[in-house]
Structure formats: C-alpha cells, structure tokens
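> Any chance you can model this:
(one chain, ligands or ions: 2)
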Amino acid sequence: MFSEEDSSQDNSSFAEPAVGIVYGDVGTTSLNISVLSKLQKLEYVQIEHEEIGWVIGHVSDIQRKTDLSLDKARMIGQGAEIDIHEKTTAKIEIIGYRDERGLLQVPRTPFRAGQYVYHADDETIKRTLGIKEYTKTGAYIGLLYGHNIRVELDINSLVQKHVSILAKTGGGKSFLCGDLLEELMKHNVTVLVLDPHGEYASMKEEGRILESTRDFQVEPKGYADKIIEFATDPQSNPDALPLRFTLSNIEANDLLSLTNIKNSKVHLSYLKKAIEALRNSKQDYSLKDIINVLKREEDLNNYALICELQYLDDAQIFASSGTKISELVKTGMTTIVNLKGTPPELAELIVNRICTALFELRKIGAVPPMMLVVEEAHNFCPQQGTVASSKIFRTIAAEGRKFGLGLTIISQRAAKIDKNVLSQCNTQIILKITNPNDLKAIVGSVEGLTASMADEIQRLPIGVAMCVGSGIQMPLIVEVRPRESKHGGESVMVISDI
Ligand SMILES: Nc1ncnc2c1ncn2[C@@H]1O[C@H](COP(=O)(O)OP(=O)(O)OP(=O)(O)O)[C@@H](O)[C@H]1O
Ligand SMILES: [Mg+2]
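Ligands and ions are numbered 1, 2, ... in the order given. Take a look at the predicted model:
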C-alpha cells in the first residue's frame, strides 16, 4: 500500500550511505533534505560545502509528505485499497564548522541543492561541537542523543562554576543529580547535599540497571563508603547521625518565626527578655531553659509561647551542644543533610545556618573546597519574598566561586528561583519543561540555544537532557546514563506544577 518515491543511488565518495539530498531553496543556516534512509529528529548530520568542507547540522524536523487526500482517506475508512505515495523530508539547522583557528563558524554562502547529506561521524561531531574526552576529570553524564559519543562535564569547572538542574516534576532532576554525585564521589570531591525529601541516602545502595537499547557501560555500585548522612529526624532515619544546633546565636525573632505565633509582638518581647536573662547567666542554654524562665514569670500570656516552644523542643533540633561543621563536612566525602519531615521555616533556618557556616569557613580555608547541592532551591532562594536563607544564597552565588564553594541548584520551578542566583549558574542542565514561565526563565539565559532546541525542551522524553557549560561549549542533547546507585526519588505531582 505504501511506496517511498525517493529511492536513490548514493554515488558520493563518503564511506557511509547518505541519509538525504539537499533540495529546494537552500540557505546558509537551514536547508531541507529529501530523506533516503533512517533519520531521527535531533540527530547530527554532515554536509559538504564546496568552499569549506564538512559542516555539521542537526535535524530539527522530519515530515512525511503524502499524496493521500481527504477524500481518499475517507475511502480507506470505507474499505477501499488505495496506493499512498510518500516522501520524507527533513529540516536541517546548520551548526557550523571549525575554522583553522578552531573557532566555530557558519558558512556565509548557501549549500548546493543536490548535495548528499550523511550521519555525522563521531570525530567530526566531537571536533565541531567541542566535545572533549577527559582522562582524569570527566563526569560522565550520558551519551549524545542518537550517537555513541560519551558526554562528560569537566569536574574542575563543574566545581568552580555553579550548576542548575531544571525540569518539571518527574522530569528526572534527582536521577541526573545522582549521576553527577556518583561522578563527584569517584573523583573525591567534597560535597554537601541539602535533601528536603530524604531521597539521596539510597545512593549508599547499588542500583538496578534497566534494560536499554543503548549501551551506556554502567555497572551497579553503591557508595556507602563515601556518604555520611545527617538527619533532623534520626528516629525515622536510624542510619543517619542526628543534626543538632545550639540556640546561643539564634535571635528571639528567628526562634519565634519557627512557631505558629511568629507575628506576635507581645510574645516576641517576652521571648527577648527570657533569652537576654539566660545570656547574662550562662553561655549555652537550651529550649527547656527558656521554657523554665517563661514559666517562672507565671504570666498567663506566656502560655501559648510555652506550648509552641515545647513543640519545637520535641523536634530535638536544638541542643546545648550542636553538630560541628568539622563533623558535617569531611574532605573527599559526600554529606547528605536529610531534612525530611522538617517544617519549612525550620528547614530554611537550618539551611541558612549550614550555608552561612560553610561560606564563612570556606573563606578562611577551615573547610575544603567543595560543592553545595540544593534540592528544591526555589524554597531556599525564592524570586518572590524573602526567607531565612535568601541572602546567603545570593552571596554564595555571587562570591562562592572565588572561595572554592560551588553551588548546584535543583528546582522544578525555574521562574520561582531568585534570578540573581539562577543567572550565576554557568553550567545548565535542562530536562523536560512545559510551564511557559519556566521556559521563559531559562531560554533567555542559555547561550547558543537554537530556536528549535528551545522548542524541543517541552518535548524532551524522560531521561534526555540538554546540557551546556563545564567544558560543553554549545547546548547538547544527552541521553542521561543509568544510575550505578539506587535512585530514591519518588515524584509527587502537586497542583501548582501541573
Ligand atoms: N535517565 C533516566 N533513566 C531512567 N529513568 C529515569 C531517568 N530519569 C528519570 N527517570 C525515572 O523518572 C522518575 C522521576 O525522576 P526523578 O525522581 O529524578 O524526577 P524529579 O525531576 O526529581 O521529580 P521531582 O520534581 O518530583 O523531584 C524516576 O523515578 C525514574 O524512575
Ligand atoms: Mg526530585
């Protein structure tokens, strides 16, 4: 019933059979080809330009043009046998070629109609797109879409430049972040992960590699020997060490902000008085000490405040001796701070204290150069409003690099992250995004993004990412490699993400 009209003899000199022939109006930045053999969207092709030599392009669209009219389609519906003639065409967007100085250039004169087009060979792709192979410092994240080329980020620049991993809910952010963490662990990079959902501790265990049509060359492996886990709720996380903070440098308004009576001026003044009294009498004090001071006042107005502080005390976050940064950060290790179950205000305060301590201690060299990874970053450095950790994230984004404190932010809402932070991320890893505001927030900030690639972000399948930065010179579409360790993320849809 079907017949392909374009069957042609490839009489060119290239070793591989041609995938198409240039036809119609031919430009310098885009052209159409008649497709001769299997070709997929987003694959790279190469075309010989008469003045330049081989030039790389990528397939931005494919169409089957058929002679089946509406009337004939109706006849098929009524049982008729109809011959359909079809021709497949593809649109190619030209990426360019490397000139003698190694700079990426695009041709200034059009290609010729009738030219053969080929699957790009690995070496030409690598040279033109600037894909490097690293012997020591490569973080392997996956294979170039449609090609057997390993895509690696340069660990050195990854740590020195901030990273953003953005995708809609369930888009594969945590999965890919796990890949990156595995690579950082292999290279003994010191890392601290702020993990609001408690999904990274599973990396201690080895994962299960699912069957795939691609050979990613990944073997299951657990990272228990490289991971230290701290949790705010060690009862639910028996394998984790307890995360504790001293109260001595928490001000009354910060403490009150953790309660349900955060805006009460009366309670704030009671609390201030109680804390002042304690500070005058001892260096370290606990929540119980504050509660006792308030109880001694025998003022009925204090009742609500006492109840709230008791509730906070039950959470066991504050103790007379807190977790030391030297316990939290160990050279060459990955520390997971599991915040699962921690109320948002408390999580913001904890994140603020950890990040502030890391930044200050890094400045004086008291902690090693390291990478700070933040899941759900829009909660800790939001574009609108201010939370406890807003300021420190701006500071780390702007100055962290200077002091060897790299930042990786992960979020399902690019538009809701502080622009001052997002704009500092020079390595961008983008998975499927459909929300128009989020798309707008990222598209403007990715250098070298072609219109068709920007459009493609909405349609990326799960497990496919667009990456640029850290040694990758232009946006590449990457099939994300499987995890060696167990992935702990479970995607939960929330109304605002849909
Ligand atoms: N590269 C991949 N290969 C195979 N499966 C994947 C890949 N990426 C994601 N998945 C699957 O998709 C699911 C969702 O991925 P993941 O947990 O990383 O999403 P997410 O973007 O972090 O979502 P959320 O916003 O809810 O945290 C995973 O449970 C995993 O099974
Ligand atoms: Mg996730």
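
> ok, and the closest non-adjacent residue to the residue of the stretch 51-200 of the chain found nearest ligand 1?
Nearest residue of the stretch 51-200 of the chain to ligand 1, counting by C-beta to the nearest ligand atom: Gly172, 3.0 Å away. Any C-beta I mention is one placed from the backbone N, CA and C, and that applies to glycine too. The spatially closest residue to Gly172, leaving aside those adjacent along the chain, is Leu431, at 5.0 Å (C-beta to C-beta, 6 or more residues apart in numbering).

> For the residue of the stretch 51-200 of the chain closest to ligand 1, give me its contacts.
431-432, 462-463, 465, 480 (C-beta atoms under 8 Å, 6 or more residues apart in numbering).

> Most neighbours among those residues, which one?
Tallying neighbours with other C-beta atoms under 10 Å puts Ala465 at the head of these, with 29 neighbours.

> Which helix or strand contains that one?
Assigned by DSSP states H and E, Ala465 falls within strand 464-469.

> Against which helices or strands is that strand packed?
strand 138-144, strand 150-154, strand 425-430, strand 472-480 (3 or more C-beta pairs under 8 Å, 6 or more residues apart in numbering; DSSP states H and E).

> Same list (these) but as CSV, adding mean pLDDT and distance to Gln458.
Below are these laid out as CSV (pLDDT from 0 to 100; distance: least, C-beta to C-beta, whole Å):
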stretch, mean pLDDT, distance to Gln458
strand 138-144, 94, 20
strand 150-154, 93, 21
strand 425-430, 92, 11
strand 472-480, 89, 13
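
> Need those in JSON lines (columns: distance to ligand 1).
Supplementary listing: those in JSON lines, determined by distance: least, C-beta to the nearest ligand atom, whole Å:
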{"stretch": "strand 138-144", "distance to ligand 1": "7"}
{"stretch": "strand 150-154", "distance to ligand 1": "13"}
{"stretch": "strand 425-430", "distance to ligand 1": "11"}
{"stretch": "strand 472-480", "distance to ligand 1": "4"}
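
> and among those, the most buried is which?
Most buried of those, by mean neighbour count (mean count of other C-beta atoms under 10 Å): strand 425-430, with a mean of 24.

> That strand pairs with which strands, and in what direction?
strand 162-166 (parallel), strand 464-469 (antiparallel) (DSSP bridges).

> quick check: angle from the helix or strand following the shortest one to strand 150-154?
On the C-terminal side of strand 162-166, the nearest following helix or strand under DSSP H and E is helix 173-186. Taking axes from the mean of the first three to the mean of the last three C-alpha atoms, to 10 degrees, one finds that helix 173-186 is oriented at 70 degrees with respect to strand 150-154.

> so which helix or strand takes in whichever residue of the stretch 201-350 of the chain sits closest to ligand 1?
Nearest residue of the stretch 201-350 of the chain to ligand 1, counting by C-beta to the nearest ligand atom: Leu210, 6.4 Å away. If you go by DSSP H and E, Leu210 is not part of any helix or strand.

> Let me know how buried the residue lying closest to it once chain neighbours are set aside is, in neighbour terms.
Once flanking residues are discounted, Leu210 sits nearest to Pro482: 6.6 Å by C-beta to C-beta, 6+ apart. Other residues near Pro482 come to 22 when the count uses other C-beta under 10 Å.

> Show me what from the stretch 101-250 of the chain comes close to ligand 1.
Selection of the stretch 101-250 of the chain residues close to ligand 1 by C-beta under 6 Å from any ligand atom yields 167, 169-175.

> The residues you listed: which ones sit near ligand 2?
Ser174 (C-beta under 5 Å from the ion).

> Can I get the buried part of the residues of the stretch 101-250 of the chain next to ligand 1 as one PyMOL selection?
Buried members of these, defined by 16 or more other C-beta atoms under 10 Å, are picked up in PyMOL with:
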select buried, resi 167+170+171+172+173+174+175
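
> okay, the residues of the stretch 101-250 of the chain next to ligand 1 in CSV with distance to Val117 and pLDDT next?
Formatted as CSV, these follow (distance: C-beta to C-beta, whole Å; pLDDT from 0 to 100):
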residue, distance to Val117, pLDDT
Ala167, 32, 94
Thr169, 39, 93
Gly170, 36, 92
Gly171, 32, 93
Gly172, 32, 95
Lys173, 35, 96
Ser174, 39, 96
Phe175, 35, 96
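
> Among the residues of the stretch 101-250 of the chain next to ligand 1, which pair sits farthest apart?
Thr169 and Phe175 (12.6 Å; C-beta to C-beta).

> neighbours of the spatially closest residue to Leu166 that is not a sequence neighbour, just the number please.
What sits nearest to Leu166 in space, not counting adjacent residues and going by C-beta to C-beta, 6+ apart, is Ala414, at 4.7 Å. Using other C-beta under 10 Å, Ala414 has 28 neighbouring residues.

> The chain - how does it break down into domains?
When the chain is parsed with automatic domain parsing, its domains come out as 2-129, 138-243+323-497, 252-314.

> how many neighbours does the residue nearest to Ile477 when sequence neighbours are not counted have?
By the measure of C-beta to C-beta, 6+ apart, the closest residue to Ile477 outside its immediate chain neighbours is Tyr145, 4.0 Å from it. Residues contacting Tyr145 under the criterion other C-beta under 10 Å number 23.

> pretty sure Tyr145 contacts Val480?
No. If you go by C-beta atoms under 8 Å, Tyr145 and Val480 don't touch, sitting 10.2 Å apart.

> where do the contact lists of those two overlap?
Val464.

> Flag every buried residue along stretch 386-402.
Those buried within stretch 386-402 under the rule 16+ other C-beta under 10 Å are 387-390, 392-393, 395-397, 400-401.

> typed the wrong thing, it's stretch 317-334
317-320, 322-323, 325, 328-329, 333-334.

> Tell me the one of those residues nearest Glu50?
Using C-beta to C-beta, Thr334 is the member of these that sits closest to Glu50, with 53.4 Å.

> Apart from its neighbours in sequence, what residue is nearest the closest one?
Thr334 sits nearest to Val191 (C-beta to C-beta, 6+ apart), 4.3 Å away.

> and the angle from the helix or strand hosting the one you found to helix 173-186?
Val191 is located in strand 190-195, with elements delineated by DSSP H and E. Put simply, strand 190-195 runs at 160 degrees to helix 173-186, going by the same axes, to 10 degrees.
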